[in-house]
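> just a sequence and a predicted model for now, questions to come.
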Amino acid sequence: MNKRAQMSEQLVNQAVFTIITVVFLGGMFWYVSAQGEGAVVWEDYWSKEIAKIINLGDAGQEVVLDVHAISKLAKKNGLEFSKMFAFNNEKREVCVQLNLGRRTCYAWFNDVKVKDYGVEYGKESNPINKLRFKIISGEENG
Amino acid sequence: MDKRGRIGEQVMIVVLILFMVIVGGGIVAGVVMFYGSEIDARAMEAEVLAYKFEKCIAEGDFVLDETAVHEECGIRKEFFDANKVYFKITKNDGKGGEIYFGSNFEACNFIGARENKYYPKCFKREFSKGNDKFEIIVASNHWNKKEIVK
């Protein structure tokens, strides 16, 4: 009877250890995944990518970018689409915000300005949210 | 004796939790260091800027003058002041003239500096236009800026 009691006790101990280990591993996996979807990473990426596009662009061009994935992230964080992107023509910098309270900005060196920018909601025929903006000469009033 | 055996088993739980805290702390630290560090776009920016200079020199009647660089090439002078980006354009190994913003371009040749994020990332481009040879060096130490938004 002692042996049966010991066996059942060992089983309980093993079960507890296993549950603790599984919970720990699950928690670590969730944390790493959440960081990978982190707003800060995407803000950094998109601010630099948009600045690069502006640096390589010329006045008169119109740019349309697929921002569906990050718009979903912004919505998940409670941010309005209108606040996701901001172009400051005085400082010549683009700011990307995907979370409440902070944003990431990056400057461009090309002597151009940006106007008529905004995020367009996807339509039924093409349900992809897009960022659209126009590049104008640096001497124009944007 | 049974009681001593049980106490030994309970101590193992503490060891397990301590082990998980150490492993978990290491994973969290690694993730924070990896995702917390900024994407390094300096080398790409230096290359794009060098390309813009080259295009400007190759396509226009370029005068090696600081004002011409900014006005003819459409590159904002204020950008260099504010963002730790430097450039040097040399014509015919300096005999035809040179213009530069910044100094210490020799740091671009340091092999040890390549892995050091405090040194700028450089891009060098050499090309010819007619009988003239140009060399462009651009060094970028431009990082992003984080702002608090109310």
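Cool, got the structure.
> CA atoms for contacts and neighbours, from now on please.
Fine.
> now the residue nearest the centre of chain B: closest residue in space, sequence neighbours ignored.
Centroid-nearest residue in chain B: B:Arg42, 3.2 Å away (criterion: Cα atoms, centre = their mean). In this structure, B:Arg42 finds its nearest non-sequential neighbour in B:Ser140, 5.3 Å apart by Cα to Cα, 6 or more residues apart in numbering or on different chains.
> so after the worst-scoring helix or strand of chain B on mean pLDDT, what's the next helix or strand?
Least confident helix or strand, chain B: helix B:2-36 with a mean of 76, by mean pLDDT, DSSP states H and E. Scanning forward in sequence from helix B:2-36 by DSSP states H and E, the next helix or strand is helix B:42-59.
> may I see the buried residues of that next one?
Neighbour counts over helix B:42-59 (16 or more other Cα atoms under 10 Å in any protein chain shown) mark B:42-43, B:45-54, B:56-57 as buried.
> swap in stretch B:23-30?
Buried, per 16+ other Cα under 10 Å, within stretch B:23-30: B:Gly24, B:Ile27, B:Val28.
> likewise stretch B:96-116?
For stretch B:96-116, the neighbour count (16+ other Cα under 10 Å) marks B:Glu98, B:Ile99, B:Tyr100, B:Phe105, B:Ala107, B:Cys108 as buried.
> ok, the third one - contacts?
Think B:Tyr100. Going by Cα atoms under 8 Å, 6 or more residues apart in numbering or on different chains, B:Tyr100 touches B:Glu66, B:Tyr86, B:Phe87, B:Lys88, B:Ile89.
> which of those residues count as buried?
B:Tyr86, B:Phe87, B:Lys88, B:Ile89.
> any idea how far chain A is from the second one?
Noted for B:Phe87: a distance of 13 Å to chain A, by Cα to the nearest Cα, to the nearest Å.
> could you pick out the longest helix of chain A?
Assignment by DSSP state H gives helix A:2-36 as the longest helix of chain A.
> tell me the angle of that helix relative to helix B:2-36?
With axes from the mean of the first three to the mean of the last three Cα atoms, to 10 degrees as the basis, helix A:2-36 and helix B:2-36 are set at 10 degrees to each other.
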